[in-house]
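*Asks:* Show me the folded form of this:
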Amino acid sequence: MTPEYPGRTGDRTGDRWQGEGRARFRVGEAFYRRETETARDLGVLAAAIYRRERGQLRVLDAMAGCGVRSLRYYLESGADWLWVNEGNPELHEVLRDNLEVTIPGDRYELVHEEANRLFLQCYADRDYYDLLDIDAFGSGAPFISTSLWAARLGGLIYLTSTDGRTISGREREKSLRVYGAYARHHPAVHEQGLRLLLGSLQQQAAAKQFGIEPIFSLFGVQTYRVMVRLVPGERLTEDNYGWLGYCHECGEFRRVSWRTLAGSNCGADGSRLILSGPMWLGALHDRAELEKMAVLAADWGWTSQVELLSVMAQEADLPPYFYKLSEIGRRGGVTELPKRDRAIAYLQERGYRAVKTHIDGEGIKTDAPLSVCIAIARACSPA
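*Replies:* Down below sits the predicted model:
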């Protein structure tokens, strides 16, 4: 049954009832970005798959804002229970109005607490959740360790960071303080941001003798979002948690293990590699989970999300970096670059793995070295 929405309209957009997915809500004075709807779409899809496979879905929306995520988890993912938290009590009225119009009162609780306190309370009460949505403003790092105590084993944690300067190498000492990692600047810094978040989650989980498995990692509109599954047993290894080296002289990337840190030189010209890390070096996404999400998105008629999930599935287990067409052209002296699809096709014809990346509109993820990418760009340039 479609709920009746009160006719509370005003001069400001925040006072009008708006729509996203199946949810209807007012924003009021809460922070809301229409541009990040895709991140909420993917969260809803993953939660719906979890509900279908596990038979239940208890959600803790740690930073609810206007409540749009809680509404969508209830309406679209089929959440059985929601603990809706918003640290700012001044948003109570708009949140209450949004929730009570759609969700029965016995299906949610609305509180105004500091998120870390809530996570520790969950642990003390042995009240574990199937999905924790932590849509933090700035760094999500302060919530990583405590959130692990509130998640059910096998449950999902959906973490946000908008602190692009820190994880892109612009503020290296802050990166060290926040993530326990040293971030350097290079052409693939947005993927680095996702991997720093995943690496921090993996390390903190390992300290508690747990592990994480990435479901998906999304970058868009200067926002980094990672969804992981909390699993028993340590999953951190020297292979999946290490360092990314970048050579400013030739532009090549290289994975660097802990055992070879002392001899981290570029294999192409012997120059010293600039290291970022430690960070997650394993797969960015779980391809099988993305395929299930894509099937559900197709059933719901979400065409653009199906296309996005297809790109993400293809890039899932390729090397932990990408090359930008503009960087290939700059280093190769190619002024008229080929279309990205054409360059990818040429790489594939020569036996390399190569796909688009969702992270950058001109990025190519490939196991080919940059020198090969440059040679192909020269060969298939329209000039």
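*Asks:* quick one, helices of this protein?
*Replies:* 37-54, 68-75, 92-102, 115-125, 144-150, 164-167, 172-179, 189-207, 287-299, 303-315, 325-332, 340-349, 370-379 (DSSP state H).
*Asks:* For His248, find the nearest of those helices.
*Replies:* Ranking the helices of the chain by their distance to His248 (criterion: CB to CB) puts helix 325-332 first, at 10.9 Å. From N, CA and C alone the C-beta is placed, and that goes for glycine too.
*Asks:* and the closest one, C-alpha only, in CSV?
*Replies:* In CSV, the C-alpha atoms belonging to helix 325-332 read as follows (Å, rounded to 0.1, in the frame of the first residue of the first chain):
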residue,chain,number,x,y,z
LEU,A,325,44.6,7.2,-21.3
SER,A,326,45.9,10.7,-20.8
GLU,A,327,48.9,9.4,-18.9
ILE,A,328,49.6,6.9,-21.6
GLY,A,329,49.4,9.7,-24.2
ARG,A,330,51.6,12.0,-22.2
ARG,A,331,54.3,9.5,-21.6
GLY,A,332,54.2,8.2,-25.2
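*Asks:* What angle do helix 370-379 and it make with each other?
*Replies:* Interaxial angle, helix 325-332 versus helix 370-379 (axes from the mean of the first three to the mean of the last three CA atoms, to 10 degrees): 90 degrees.
*Asks:* the bottom helix or strand of this structure by mean pLDDT?
*Replies:* Every helix and strand of the chain was ranked by mean pLDDT, DSSP states H and E. The lowest is helix 164-167, at a mean of 86.
*Asks:* Run through who's touching that helix.
*Replies:* For helix 164-167, contacts defined as CB atoms under 8 Å, 6 or more residues apart in numbering pick out 139, 161, 170-171, 174-175, 178-179, 183, 189, 192-193, 196-197, 222, 224.
*Asks:* Repeat the analysis, applying 7 Å as the threshold.
*Replies:* The set of residues external to helix 164-167 that reach it, using CB atoms under 7 Å, 6 or more residues apart in numbering, is 139, 161, 171, 174-175, 178, 183, 192-193, 196, 222, 224.
*Asks:* okay, the helices of the chain in CSV with distance to Met279 and mean neighbour count next?
*Replies:* Below are those laid out as CSV (distance: least, CB to CB, whole Å; neighbours: other CB atoms under 10 Å):
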stretch, distance to Met279, mean neighbour count
helix 37-54, 21, 20
helix 68-75, 27, 25
helix 92-102, 36, 19
helix 115-125, 24, 16
helix 144-150, 14, 21
helix 164-167, 9, 20
helix 172-179, 8, 17
helix 189-207, 4, 24
helix 287-299, 21, 17
helix 303-315, 17, 18
helix 325-332, 21, 18
helix 340-349, 25, 17
helix 370-379, 20, 19
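*Asks:* Adding distance to Cys250, write these out as CSV.
*Replies:* Shown next, in CSV, are the helices of the chain (distance: least, CB to CB, whole Å):
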stretch, distance to Cys250
helix 37-54, 35
helix 68-75, 44
helix 92-102, 53
helix 115-125, 44
helix 144-150, 35
helix 164-167, 24
helix 172-179, 23
helix 189-207, 18
helix 287-299, 31
helix 303-315, 23
helix 325-332, 8
helix 340-349, 18
helix 370-379, 7
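*Asks:* what's the closest of those to Trp17?
*Replies:* With CB to CB, the closest approach to Trp17 among those belongs to helix 92-102: 9.1 Å.
*Asks:* Who are the packing partners of the closest one?
*Replies:* helix 68-75, strand 108-111 (3 or more CB pairs under 7 Å, 6 or more residues apart in numbering; DSSP states H and E).
*Asks:* circling back to that earlier point, between the helices of the chain, which one is nearest to Trp258?
*Replies:* Minimum separation from Trp258 across these (CB to CB) falls at helix 189-207, 12.9 Å.
*Asks:* Identify the residue spatially nearest to Arg170, adjacent ones excluded.
*Replies:* Residue nearest to Arg170 in three dimensions, not counting chain neighbours: His185, with 6.6 Å by CB to CB, 6 or more residues apart in numbering.
*Asks:* How about the contacts made by the closest residue to Ser175 other than its chain neighbours?
*Replies:* Spatial nearest neighbour of Ser175, chain neighbours left out: Ala183 (4.1 Å); criterion: CB to CB, 6+ apart. Each residue near Ala183 by CB under 7 Å, 6+ apart is listed here: 166-169, 172, 175, 192, 196, 276.
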